[in-house]
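**Q** Give the three-dimensional model of this entry:
(one chain, ligands or ions: 1)
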Amino acid sequence: MKGTNQAKVLIADDDTLVREAVQKILRMFGHEVVAVPSGEEALERLTAELDLIILDINMPGMDGFETMRQINRRDLGIPVIFLTGVGSMEYAVKAINLGAYDFIPKPIEDLDIFNIKIRRAIEKRMYVLQERAYKENLEREVRAKTAELADKNRLLEEYSRNLEVSALNTMLTLQTALEEKDMYTAGHTIRVTNYALTIAQAMCLSAEESAVLERACQVHDIGKLVIDVNYIRKPGALSDEEWALMRKHPEIGANIIKPLSFMQQELFIVRHHHERLDGKGYPDGIGGTELDILTKIITVADSYDAMTSKRSYKVNMDTAAAIAELNRCVGSQFDPEVVRVFSEVLHKKRKTGVAL
Ligand SMILES: [Fe+2]
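**A** Prediction:
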């Protein structure tokens, strides 16, 4: 539409005289006119480009009402004016129910009133178009903003995941550096992780539980970073004082992890990886059901590695002796089910000659 003075109007009237007269008048007002003799042809010429439709009511074939019903189905928001020869109440009600915008009596006698009615209808069309454009624009904007937000969210999530990974990697690097300083503890973390995950798998733990267990194993001795490594590397047994300091490492490790909100489950495991089932462990002396399955697994894995690795203050046990020792401490130090499962796996591996 170029404005209220230059609209595109469709008129359907089977009466050639009326049709041509209306067409002439509309053109005189500056509008573009499509004139057709039937409702069927009006529907054929129906497009969203139209600004106004003028329909005769009584037409052979499809009458004006049926034509309007079909027009309504297309939902183009084009106002419809009926041309009425007879002023019947029944017609008026029907037309209003169909959503007709106005009536123009035939023959058209007062051009000014006709012009006003046409202009009003065209103005209504402009309003509908503006409203639709505004709505579409708004919807487009909302869609674009939603997509933008989703993108930002994805980026933030990725960023936070990266931060988590790099925080964990930093700790791993530190822990590995610490272990590598001492020939006795080199590879301890990797082995404990390996044992613990083997047990988790044999116990059919979920992927999420295994992931937590893996991260906890990787940082379980991170607290030793703060302890003078000379203690750990020192040949011979540790003094009581040195042991007291060593026993602080689970607590220190938990404090190191504390600021990492994504590792709160791991924090519990790190803090309690030297607890015992009978509550005689450290640092908190908790036991039994207070210890979760992941903590029970890491205590077995950690102790098994300590038994089978050479330390500065002791000789290492072989697999059979370590299994026997684990079983001896079932109920007091270790969870029976974890030890049973791990012993089974170790036996199987020993028989098949596959190293764990
Ligand atoms: Fe430890």
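**Q** Was I right to think residue 198 contacts residue 345?
**A** Yes - between residue 198 and residue 345 there is a contact at 5.8 Å, judged by Cβ atoms under 8 Å. Where C-beta positions appear, they are placed from N, C-alpha and C, glycine not excepted.
**Q** mean confidence for the one helix or strand residue 345 maps to?
**A** Following DSSP states H and E, one finds residue 345 within helix 336-352. The predicted model gives helix 336-352 an average pLDDT of 91.
**Q** Go ahead and measure how far it is from the middle of the chain.
**A** 41 Å (Cα atoms, centre = their mean, to the nearest Å).
**Q** List of residues touching it?
**A** Here helix 336-352 makes contact (Cβ atoms under 8 Å, 6 or more residues apart in numbering) with 195, 198-199, 202-203, 293, 296-297, 300-301, 304, 319-320, 322-323, 326-327, 329-330, 355-356.
**Q** Could you rerun that using 10 Å?
**A** Residues outside helix 336-352 that contact it (Cβ atoms under 10 Å, 6 or more residues apart in numbering): 195-196, 198-204, 277, 293, 296-301, 303-304, 308, 318-320, 322-324, 326-331, 333-335, 354-356.
**Q** Show me which positions of it end up buried.
**A** By neighbour count with 16 or more other Cβ atoms under 10 Å, helix 336-352 contains the buried residues 338, 339, 340, 341, 342, 343, 345, 346.
**Q** Over to stretch 69-86?
**A** Neighbour-count burial for stretch 69-86 [16+ other Cβ under 10 Å]: 71, 76, 78, 79, 80, 81, 82, 83, 84.
**Q** Tell me who's in contact with the third one.
**A** I take that to be residue 78. By Cβ under 10 Å, 6+ apart, residue 78 lies in contact with 8-10, 46-53, 71-72, 101, 121, 124-125, 128-129.
**Q** again, only using 7 Å
**A** Residues in contact with residue 78 (Cβ atoms under 7 Å, 6 or more residues apart in numbering) are 50, 51, 52, 53, 125.
**Q** Restricting to C-alpha, output the strand or helix carrying residue 73 in PDB.
**A** Per DSSP H and E, residue 73 falls inside helix 64-74. Taking Å, rounded to 0.1, in the frame of the first residue of the first chain, the C-alpha atoms of helix 64-74 are listed here in PDB:
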ATOM      1  CA  GLY A  64     -20.800 -12.900  -0.900                       C
ATOM      2  CA  PHE A  65     -21.100 -14.600   2.500                       C
ATOM      3  CA  GLU A  66     -19.500 -17.800   1.300                       C
ATOM      4  CA  THR A  67     -16.800 -15.900  -0.400                       C
ATOM      5  CA  MET A  68     -16.000 -14.000   2.800                       C
ATOM      6  CA  ARG A  69     -16.000 -17.300   4.700                       C
ATOM      7  CA  GLN A  70     -13.300 -18.600   2.300                       C
ATOM      8  CA  ILE A  71     -11.400 -15.200   2.600                       C
ATOM      9  CA  ASN A  72     -11.400 -15.500   6.400                       C
ATOM     10  CA  ARG A  73      -9.800 -18.900   6.100                       C
ATOM     11  CA  ARG A  74      -6.700 -17.300   4.500                       C
END
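**Q** what about that helix, distance to the chain center?
**A** Counting by Cα atoms, centre = their mean, helix 64-74 is centred 44 Å from the centre of its parent chain.
**Q** going on from it, what's the next piece of helix or strand?
**A** Downstream of helix 64-74, the next assigned helix or strand under DSSP H and E is strand 80-84.
**Q** still on that earlier bit, and of the buried residues of stretch 69-86, the nearest to residue 21?
**A** Nearest to residue 21, judged by Cβ to Cβ, of the buried residues of stretch 69-86 is residue 83 at 10.7 Å.
**Q** What score does that closest one have for pLDDT?
**A** According to the model, residue 83 scores 89 on pLDDT.
**Q** my guess is it meets residue 13, correct?
**A** Yes - assessed by Cβ atoms under 7 Å, residue 83 is found in contact with residue 13 at 6.2 Å.
**Q** what's the overlap in contacts for the two?
**A** residue 56.
**Q** Identify, from the contacts of residue 78, the entry nearest to residue 29.
**A** Nearest member of the contacts of residue 78 to residue 29, counting by Cβ to Cβ, is residue 52, at 11.4 Å.
**Q** phi, psi of residue 55?
**A** phi -120, psi 130 (degrees, to the nearest 10).
**Q** for residue 52, phi and psi?
**A** The phi/psi pair for residue 52 (degrees, to the nearest 10) is phi -160, psi 140.
**Q** burial count for it?
**A** Residues contacting residue 52 under the criterion other Cβ atoms under 10 Å number 26.
**Q** List the beta-bridge partners for it.
**A** residue 9 (DSSP bridges).
**Q** Cross-check the contact I'm expecting between it and residue 122.
**A** Yes - between residue 52 and residue 122 a contact is recorded at 5.7 Å, counting by Cβ under 7 Å.
**Q** intersection of neighbour lists for the two?
**A** By Cβ under 7 Å, 6+ apart, the residues touching both residue 52 and residue 122 are residue 7.
**Q** Nothing else from me, thank you.
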